[in-house]
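1. Pasting the sequence and the predicted coordinates here, then a few questions.
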Amino acid sequence: MPSDSLQNILNFRDVAQTINEIQGNDRLRQGRIYRSALPDNASKSDREALTSKYHINNIIDLRSTTEHLDQAKKRNAQVHTSAALAPANDEAAEPLKIPGITYHEINLNGGSFARALLWKLRWLSLSKLVGLMVLGYRVEAIAILGREVMAERGLTGLGKDSLDHGTSELRGIFTVLAESSNYPALIHCTQGKDRTGLVVILLLLLLNVPLGAISADYTASENELESEKESRMEEIRRIGLGEEFAACPAGFVQEIAGHLHNVYGGVNEYLKRIGVDERTQDKVKENMLAW
């Protein structure tokens, strides 16, 4: 169903257009929320399209500081780093930003989420991880967490962990989405699949989109990313994870919706629990619903 394409930005699509085509109606406002993989490789024409064709004026970047540093390093961008003091996420992201767009760096895998996973490590592994981080070996440190915790949790388990522990980050995202001046907006992570997928799932559940349509949008990412699967697998393996992390599990959306229902009483109650009150939820709906 994805109908939008850019030269060097994978997995790019208008969320509402995709959902409307799946459902055969125009219930969601198109040209409001886009999703994609990282836009760091954007060509000059891609950047012009984002700002001039799609009129995107805000980007919600869900990546970590490590991911930003890795991308900056690939492009020989200058970011101040030291073994003892890592740069802030926005500083690490700065060399990759597109002029004229407001950025919101919200690390969905940071804060409480990261601490919750770290405490699942054995003490020896945790000590090794901390030592590697202090020495500046961030990817090697994360690989310990990948092999010993993330691989076992799987994409579905990590998605539920994000809901349970990424509450301040998710609250920040919905605060951005409640402001009408922040549209049109692009939401992305590295692949634009799992963290981006989770945020889009929450948004679409709030808009009462049927699970089947939400799942079709989520699983569309697998084909959209197929052309760079091998290169992505190199990065996935670097952090201790397997090929399943490049896939879109068919039951992911249903599992996430089930977790929201069983643990929190549904998406509306979940959002209220994390500090997104009914007024803010209504503003998001007004920004996205055509009728």
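-> Looks like it came in fine. Numbering: from 1, shown residues only.
2. Grab the nearest non-local neighbour of Arg232.
-> Ala246 (5.8 Å; Cβ to Cβ, 6 or more residues apart in numbering). C-beta here means a position set from N, CA and C on the backbone, and glycine is covered the same way.
3. What is the neighbour count of the one you found?
-> Number of residues near Ala246 (other Cβ atoms under 10 Å) recorded here: 20.
4. who's in contact with it?
-> Gln191, Glu222, Leu225, Lys229, Arg232, Met233, Ile236 (Cβ atoms under 8 Å, 6 or more residues apart in numbering).
5. Give me the buried positions along the host helix or strand of Tyr218.
-> Assigned by DSSP states H and E, Tyr218 belongs to helix 211-224. Neighbour-count burial for helix 211-224, counted by 16 or more other Cβ atoms under 10 Å, picks out Ala213, Ile214, Ser215, Ala216, Asp217, Tyr218, Thr219, Ala220, Ser221, Glu222, Glu224.
6. Repeat that for stretch 138-152.
-> 138-146, 148-151.
7. Can you give me the end-to-end span of that stretch?
-> End-to-end distance for stretch 138-152, by Cα to Cα, to the nearest Å: 21 Å.
8. Contacts for that stretch, please.
-> 65-66, 69-70, 86, 117-118, 120-122, 125, 128-130, 132-133, 158, 238-242.
9. on that earlier part again, now the helix or strand following the helix holding Tyr218: buried residues?
-> Using DSSP H and E, the helix or strand that follows helix 211-224 in sequence is helix 229-238. By neighbour count on 16+ other Cβ under 10 Å, the buried set for helix 229-238 is Arg232, Glu235, Ile236.
10. need the helices for the stretch 51-200 of the chain, in chain order.
-> In the stretch 51-200 of the chain, the helices defined using DSSP state H, counting those that start in this stretch lie at 65-74, 89-93, 111-118, 123-134, 138-145, 151-165, 167-177, 195-206.
11. Give me the mean pLDDT for the third one.
-> Read that as helix 111-118. For helix 111-118, mean pLDDT is 94.
12. quick one, it and helix 167-177 angle?
-> Computed by axes from the mean of the first three to the mean of the last three Cα atoms, to 10 degrees, the angle separating helix 111-118 from helix 167-177 equals 150 degrees.
13. quick one: buried residues of helix 111-118?
-> Phe113, Ala114, Leu117.
14. Looking at these, spot the one nearest Gly24.
-> Relative to Gly24, the closest of the buried residues of helix 111-118 is Phe113; by Cβ to Cβ it sits at 37.0 Å.
15. Tell me which residues touch the closest one, please.
-> Asp161, Ser162, His165, Gly166, Glu169.
16. Name the nearest of the buried residues of helix 211-224 relative to Trp291.
-> Closest to Trp291, out of all of the buried residues of helix 211-224 and judged by Cβ to Cβ, is Ala213, at 16.5 Å.
17. ok, that closest one to Asn223 distance?
-> 17 Å (Cβ to Cβ, to the nearest Å).
18. what's the answer for Ile60, then?
-> Ile60 is 24 Å from Asn223, by Cβ to Cβ.
19. Please consider this matter closed, and thank you.
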